[in-house]
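Chemist: mind folding the following:
(one chain, ligands or ions: 2)
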Amino acid sequence: MRIALVGYGKMGKIIEEVAQKRGHSIVAQLNETPTLENLNNPDVAIEFSNPEASFENSRICLQNQIPVICGTTGWLDQKPEIEKIAVENNSAFLYGSNFSLGVNLFFALNEKLADLMKNFPEYQVQLEEIHHTHKKDAPSGTAITLAEGIIKNDPRFDAWKLEETKDHQLGIFALREDEVPGTHSVFYKSDVDEIEIKHTAFNRNGFALGAVIAAEWIQGKKGNFSMKDVLFN
Ligand SMILES: NC(=O)C1=CN([C@@H]2O[C@H](COP(=O)(O)OP(=O)(O)OC[C@H]3O[C@@H](n4cnc5c(N)ncnc54)[C@H](OP(=O)(O)O)[C@@H]3O)[C@@H](O)[C@H]2O)C=CC1
Ligand SMILES: O=C(O)C1=N[C@H](C(=O)O)C[C@H](O)C1
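Modeler: Ligands and ions are numbered 1, 2, ... in the order given. Down below sits the predicted model:
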């Protein structure tokens, strides 16, 4: 497979290593807006750039019928629009707030736990994410997906907010520490005890492998997808 890396920073470089080990060719390493020329005729674009650039990068690829695997977080208000562009151009788009297998299993566990806990209001729910100090967005995309998973299953909540849980708003503490690759916890705390589920990434390799597996999976497909389609269907 010919892969264009749109965003060649910390993630782009690890994705390159993983993709080459799996026999793929890297045909573009871009830290600028993609064009038909600099994309160099890829089978897929893997987009890990920054919140300001991501929508435009995906738009350009999709309008040229290049499928996009997008891992950039912090631009989600524009997701419905990019999904419309994917369909209108008969192309394919897959967004994942987190591409690691472990986190996608954690997402499923989080939803099951939220469904179980919805009948026990004595437990206060709180989310926490910890990331490296270079991270541009807060809360993390992964924490937002976790919050959405709880809101979907527990009618006590209808929105998320930064900081502490209050009334119908589920709280997310976003902490920034040194070089932490990504740690996410969900706490259910009562007066007498606490239940905690936690995912800790040791490095970025799991995110990169998931993105390459998604790029392999999307070949020949049309429409909008998520990692649930790749891993669990
Ligand atoms: N979904 C997932 O599993 C994961 C998602 N992420 C997300 O991926 C994104 C990137 O993370 P990370 O690699 O750590 O960040 P980095 O800052 O290390 O890399 C981002 C790269 O994008 C480049 N860039 C800047 N402007 C553009 C543009 N217009 N078009 C293309 N590239 C551009 C930057 O170049 P320059 O430095 O020259 O500005 C930089 O090299 C973040 O949003 C992060 O949250 C991260 C890990 C896992
Ligand atoms: O910026 C990062 O590094 C990460 N971003 C993603 C997010 O916002 O959830 C995924 C992972 O946690 C690392």
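Chemist: please verify my assumption that F48 contacts G7.
Modeler: Yes. The criterion here is CB atoms under 8 Å, and F48 meets it with G7 at 4.3 Å. Backbone N, C-alpha and C define where each C-beta goes, glycine included.
Chemist: overlap of the contact sets of the two?
Modeler: Each of T72 lies in contact with both F48 and G7 under the rule CB atoms under 8 Å, 6 or more residues apart in numbering.
Chemist: looking at the protein, which residue is nearest ligand 1?
Modeler: G9 (1.9 Å; CB to the nearest ligand atom).
Chemist: measure that residue to A143 for me?
Modeler: 21 Å (CB to CB, to the nearest Å).
Chemist: ok, those two, which is more surrounded?
Modeler: A143 (27 against 13; other CB atoms under 10 Å).
Chemist: ok, now which ones touch the closest residue to the more buried one other than its chain neighbours?
Modeler: Of all residues not flanking A143 in the chain, E129 sits nearest, at 4.2 Å (CB to CB, 6 or more residues apart in numbering). E129 makes contact with 139-140, 142-143, 172-175, 182-185 under the criterion CB under 8 Å, 6+ apart.
Chemist: one more pass at 7 Å, please.
Modeler: By CB atoms under 7 Å, 6 or more residues apart in numbering, the contact set of E129 is 139-140, 142-143, 172, 174, 183-184.
Chemist: helix or strand for it, just tell me which one.
Modeler: Here E129 sits within strand 124-131, counting by DSSP states H and E.
Chemist: returning to that earlier point: of the contacts of E129, which ones also sit close to ligand 2?
Modeler: Among the contacts of E129, proximity to ligand 2 is found for 140, 142 (CB under 6 Å from any ligand atom).
Chemist: does A215 count as helix, strand or coil?
Modeler: With DSSP: H, G, I helix; E, B strand; the rest coil as the basis, the three-state label of A215 is helix.
Chemist: now do it against S49, distance only.
Modeler: In terms of CB to CB, A215 sits 16 Å off from S49.
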